[in-house]
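[1] pasting the sequence and the predicted model now:
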Number of protein chains: 2
Amino acid sequence: MERQSRISRRDFLKAAGVGGAAVAVLGGGATYLVSAVRKEEEVTWDREADVVVVGSGAAGSAAAVTAHHEGNLVIILEKAPAYGGTSAKSGGGYWIPNNFALREAGIQDRREDAIRYMARYSYPHLYDPTDPRLGLPENGYNLIAAFYDNASKAVDFLAEIGALQSAGRLPGNPDYLEHAPENKVPRGRSLGPKKPDGTRGNGAEMMRQMKAWVDAEGIPVLLEHRVRRIVVNDKGEVVGVEAVTQDGKAVTVRSRKGVVFGSGGYTHNRELVLNFQPGPIFGGCAVPTAEGDFIYVAEAIGAKLGNMPGAWHAEIVLEQALEFSSVPNDVWQPIGDSMILVNKYGKRVVSEKRNYNDRTKIHFVWDPVKAEYVNQFLFMVYDQRNADLYAGNYPLPAAGASAPYVISGQTLAELAQNIRDRLTKIASRIGIYRLDQSFDSNLEATIALFNQFAEKGVDEDFQRGAFPYDVEWHSGTFSIPRKDTPWPLNDRPNITMYPISSKGPYYAIILAAGTLDTNGGPVISEKAQVLDTEDRPIPGLYGAGNCIASPTARAYYAGGSTLGPALTFGYIAGLNAAKEPVKQVGRVAEPVAGRV
Amino acid sequence: MERQSRISRRDFLKAAGVGGAAVAVLGGGATYLVSAVRKEEEVTWDREADVVVVGSGAAGSAAAVTAHHEGNLVIILEKAPAYGGTSAKSGGGYWIPNNFALREAGIQDRREDAIRYMARYSYPHLYDPTDPRLGLPENGYNLIAAFYDNASKAVDFLAEIGALQSAGRLPGNPDYLEHAPENKVPRGRSLGPKKPDGTRGNGAEMMRQMKAWVDAEGIPVLLEHRVRRIVVNDKGEVVGVEAVTQDGKAVTVRSRKGVVFGSGGYTHNRELVLNFQPGPIFGGCAVPTAEGDFIYVAEAIGAKLGNMPGAWHAEIVLEQALEFSSVPNDVWQPIGDSMILVNKYGKRVVSEKRNYNDRTKIHFVWDPVKAEYVNQFLFMVYDQRNADLYAGNYPLPAAGASAPYVISGQTLAELAQNIRDRLTKIASRIGIYRLDQSFDSNLEATIALFNQFAEKGVDEDFQRGAFPYDVEWHSGTFSIPRKDTPWPLNDRPNITMYPISSKGPYYAIILAAGTLDTNGGPVISEKAQVLDTEDRPIPGLYGAGNCIASPTARAYYAGGSTLGPALTFGYIAGLNAAKEPVKQVGRVAEPVAGRV
């Protein structure tokens, strides 16, 4: 039984926002499965390389470029009809401790300091500053240390060979836990691709450069090749993969030395999300091909799974996710100052200006009396001033434009009623979550209290705007006011808070928990080798990026905490795969079960 | 490399509380791993049966008894040195919808009603009352339906053959979500073992009866046999297991028809807890052998994992868990009325009287600004009246006795200081969690507010005591006041709240999140067949109890929601394994990797 992909090429390209532009997508959003393959006979190889790379995002590209540069024949297999994976759709930042820009500026980013920051953020309930490994499990510590030791080397190497030019930005935006005492260099670790004109580009630019290098070097890229099986020999060594094309043709590719997976997370596999995520997830920014394929094929050959509830969590616009789970964008930081997030009881529950990963975990809070995810959805409520002054900053529609997911009302009561009607309309897809009858009165009280906080400049409940992160990302990037409106700018003491008007109209957007992508999967070693359930490397198998158990565990150190480790461990994987001995492929052992 | 168990027989028996008595345990609490085995040659069988059962708790025993009664040769393999698993240590309740006691009392527990209650509680973010499957995934719905359809049959069958006599209790204690409109029969679904004298017994009595039947029927029970590998033939059918004894000897057991796992969860495997649980877990009530063995051996043959963040969560006494992760008991419901739970900021965060599973999830709340599990520990604070009036109700020491985990102080300030000192003492094992400097002043304010609530009888923050569950479990079971103290009984309007004294001494116990056991693992079908990653049954492999992905998902329907499905799916597994065709064992295929 072979279940075919239901993601059309057209849908993929739309969702991937090819060219860097985020494009809204209509479509089914269904996940799909492809059946396992079991063969008794020997494999006949359609293609052969030294190193086979699965996935063409930052992790896969870094591995491919590195292995090729080391003198190896490399083949890249990409499931999607376009190069670059989720990386090409991303902001393109990569967080690299002790990077060239810091060094050039004379800013010390010591190994011990950077490791402490990562350890404390990733393992808060284990962190022990007096322990040589800081209280972490051995492999967890080693991965963080290997990241520090190789991150800067990786980007310097990529620049040197001409595969990816990087630009710093100093002093730079604040890290995502900029105020922790363990963070000694809270700005400047994030790099990005440097465009030919010297300015800093986004993920599309990053992947444009890497693809250009891959093409110039003649590395074959097989698009629309979904890897559905890892082939091992009778010693248990990985000797190749079997892919399937969009038209259902099986293609076997021998890897003389090794296979590197950089094939993305499982955001768009509903079953994996239900079985492993800590709470309700409605979609994410990852390209639609991020369906956790590596989890299935690696599990079939005995890989150990780790960090499975992990994700780069982010709030997303619910109604976009209900249309197609691969959403055009996440709500990086809710827009504006006369704006709040409230739950079904009309109450604020979080600092709206905190980073998306940490902030989004509030959606998973379980109310033990009501037996519900009490913040399953948060309603981003704002006034006309906010709508106009910050128009066009996603998810606010551009000036004069509208968006179907924006709910409005002339009064707060009308807004509440219209939210109720909207929830009724989508009732079959959101579980038991409805506005409570207390929403209306609580919302009024919440706004009154928020307005007091705004006048005073102090959010006594959630410390909104009390940290550099909140203020700088707000004022510098996401909530820059337009100059062509009659509305007053924020003259109150806290730039992130301004009293919400006592007069309508008012607006609301329903936010749900989502991901940039998940980041749990097979566990790797500090050499990027995939480990089996006894912590032994599976010979010839490597992984990096969102398809593996992230070395960051459940923390998100700063912008680029996604792509920084992806590039670094991709580079490490490429280096090590290139050094592997050639494997024999006499008798081919068959996994008992396998699939994508 | 074979890593040996570090759980001694003595430690196991202590932790298991053999005989039903909970005994405190000293010891290492280390988890351990046993290495994989790979053989090229054919297996030589040491033993042979029609149906091999792994684990001797409620699930395994129900399967063994049923398969034997169907005319099969059965062998039971038990990793521990004693029969009965965690079931023997439990309260012994089993939640059985539409059971004989309800029917005899003329109480209708309709299929549709019971299924709705379970569906709404287990899948709150998917539940759709208008959908034929109520919005649930197909297998999720089928499992709940199969549970309803077979639960009562299973206990009636066990009673009829003399393996387990059951007693009802009507009207009975309230379910754990007794006030949901979907719960049409909120009392009376819980049964328990009926002792020879006609009274209701606990888990020790339950397992005594089942073991007596097993012994009387001559079913071999091999203790201290840890299954570390599933053996499959070249068709991928399960044909046996390989166990290892405490002295390291390998024992192979052929299963002509099938193998049923009922081998417990993964509470005492720190790595699995870190990789799959939603937040910090410090231990649990499960016997020390609950280390997730089935996850490794089933994964090695391609089983699909589900409900992995799931557990029967429960608060436990932190300092007991730090001594040995298999704790003697959980804090079912914090004891008394002049008692509150507060976090490191001295604030209440939950209704202290809500059920342990739902209540404990509050420990996983992540504060996005502080980047910490803000309720990682809760401090159970109470006064002298509470200590005396409810002495001896766990975790309160008996009258005149003391317990090392109780912290005291003559004043609230002294109590706070002594808590700080205690946290310093265990600092290397609790991560970054320390009392905030606001603890002292907030605690005073929290008590003042709580005392107002107590006088009024209304907990305006968390609705403590507003539901039958809170009141009846408090007054009827856990907080029955002693009659031999000079302290006043609760004469306030809410029996669960009484003003905390303005005079010391005061006491505190540190509570952490733990489990009765986890309940994620391989996914089963409604026939209790273990499914592969394509939802195909793995021929000859069955599972039930805490070792599989619980049909209840993350909900805990009522007391006995653990053992009810364990007995039921054990029974289903036994019936279906008994009907399996005999498997050939010519060539034996080897999993590429396997381990316990």
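    Received, thanks.
[2] rest of the way, CA atoms for contacts and neighbours
    Will do.
[3] show me where the stretch 51-200 of chain A has helices.
    Taking DSSP state H, counting those that start in this stretch, the helices of the stretch 51-200 of chain A run over residues A:58-69, A:100-104, A:111-122, A:138-160.
[4] what does the stretch 401-550 of chain A give?
    Counting by DSSP H, counting those that start in this stretch, one finds helices in the stretch 401-550 of chain A at the ranges A:412-425, A:439-456, A:468-473.
[5] closest to chain B out of those?
    Closest of these to chain B is helix A:468-473, at 10.1 Å (criterion: CA to the nearest CA).
[6] so which bits of that closest one are buried?
    The neighbour-count check on helix A:468-473 (16 or more other CA atoms under 10 Å in any protein chain shown) flags A:468-473 as buried.
[7] ok, it near chain B or not?
    No - if you take CA under 8 Å from any CA of the partner chain as the test, helix A:468-473 misses chain B, and the best it gets is 10.1 Å.
[8] distance from the chain centre to stretch A:48-65, please.
    20 Å (CA atoms, centre = their mean, to the nearest Å).
[9] and the end-to-end length of it?
    End-to-end distance of stretch A:48-65 (CA to CA, to the nearest Å): 17 Å.
[10] residues in contact with residue A:555?
    By CA atoms under 8 Å, 6 or more residues apart in numbering or on different chains, the residues touching residue A:555 are A:118, A:121-122, A:357-358.
[11] repeat that for 6 Å
    Neighbour list for residue A:555: A:121-122 [criterion: CA atoms under 6 Å, 6 or more residues apart in numbering or on different chains].
[12] looking at it now. What's its pLDDT?
    On pLDDT, residue A:555 comes in at 98.
[13] now the residue nearest to the spatial centre of chain A: how far from chain B?
    When chain A is reduced to its mean C-alpha position, the nearest residue by CA atoms, centre = their mean turns out to be residue A:516, at 3.0 Å. Using CA to the nearest CA, to the nearest Å, one gets 17 Å for the distance from residue A:516 to chain B.
[14] what's the closest non-adjacent residue to that residue?
    Nearest in space to residue A:516, with sequence neighbours left out and distances taken as CA to CA, 6 or more residues apart in numbering or on different chains, is residue A:285 at 4.7 Å.
[15] make sure the one you found is actually in contact with residue A:327.
    Yes - with contact defined as CA atoms under 6 Å, residue A:285 counts as touching residue A:327 (5.1 Å).
[16] give me the more crowded residue out of these two.
    Set residue A:285 next to residue A:327 and count neighbours by other CA atoms under 10 Å in any protein chain shown: residue A:327 wins out with 33 against 27.
[17] OK, contacts around the more buried one?
    Counting by CA under 6 Å, 6+ apart, residue A:327 touches A:284-285, A:321.
[18] kindly state the pLDDT recorded for it?
    Per-residue pLDDT puts residue A:327 at 97.
[19] need phi/psi at it.
    phi -80, psi 160 (degrees, to the nearest 10).
[20] then residue A:224?
    Torsion angles, degrees, to the nearest 10, at residue A:224: phi 50, psi 40.
[21] what sits closest to it if chain neighbours are left out?
    Nearest non-adjacent residue to residue A:224, counting by CA to CA, 6+ apart: residue A:79, 4.4 Å away.
[22] again with residue A:470
    Closest residue to residue A:470 apart from its sequence neighbours, by CA to CA, 6+ apart: residue A:353 at 5.0 Å.
[23] and the one you found, how far from residue B:400?
    53 Å.
[24] higher neighbour count, the two?
    When residue A:353 and residue B:400 are compared on other CA under 10 Å, the one with more neighbours turns out to be residue A:353, at 28 against 8.
[25] and whichever residue of the stretch 301-450 of chain A sits closest to chain B, how many neighbours?
    Using CA to the nearest CA, the point where the stretch 301-450 of chain A gets nearest to chain B is residue A:431, with a distance of 4.0 Å. Neighbour count for residue A:431, taken as other CA under 10 Å: 22.
[26] how close does it get to residue B:398?
    Taking CA to CA as the measure, residue A:431 falls 46 Å from residue B:398.
[27] before we move on, back to that, in TSV: the helices of the stretch 401-550 of chain A, plus mean pLDDT.
    Below are the helices of the stretch 401-550 of chain A laid out as TSV (pLDDT from 0 to 100):
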stretch	mean pLDDT
helix A:412-425	98
helix A:439-456	98
helix A:468-473	97
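[28] take those and write them to TSV, including distance to residue A:317.
    Listed next are those as TSV, based on distance: least, CA to CA, whole Å:
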stretch	distance to residue A:317
helix A:412-425	14
helix A:439-456	20
helix A:468-473	20
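[29] ok, so of the buried residues of helix A:468-473, who is nearest residue B:102?
    For these, the residue nearest residue B:102 by CA to CA is residue A:470; the value is 57.7 Å.
[30] tell me how far the closest one lies from residue A:355.
    Residue A:470 is 8 Å from residue A:355, by CA to CA.
[31] in which helix or strand does residue A:280 reside?
    Counting by DSSP states H and E, there is no helix or strand that carries residue A:280.
[32] phi, psi of it?
    According to degrees, to the nearest 10, residue A:280 has phi -70, psi 130.
[33] residue A:372 now?
    The phi and psi torsions at residue A:372 (degrees, to the nearest 10) take the values phi -150, psi 160.
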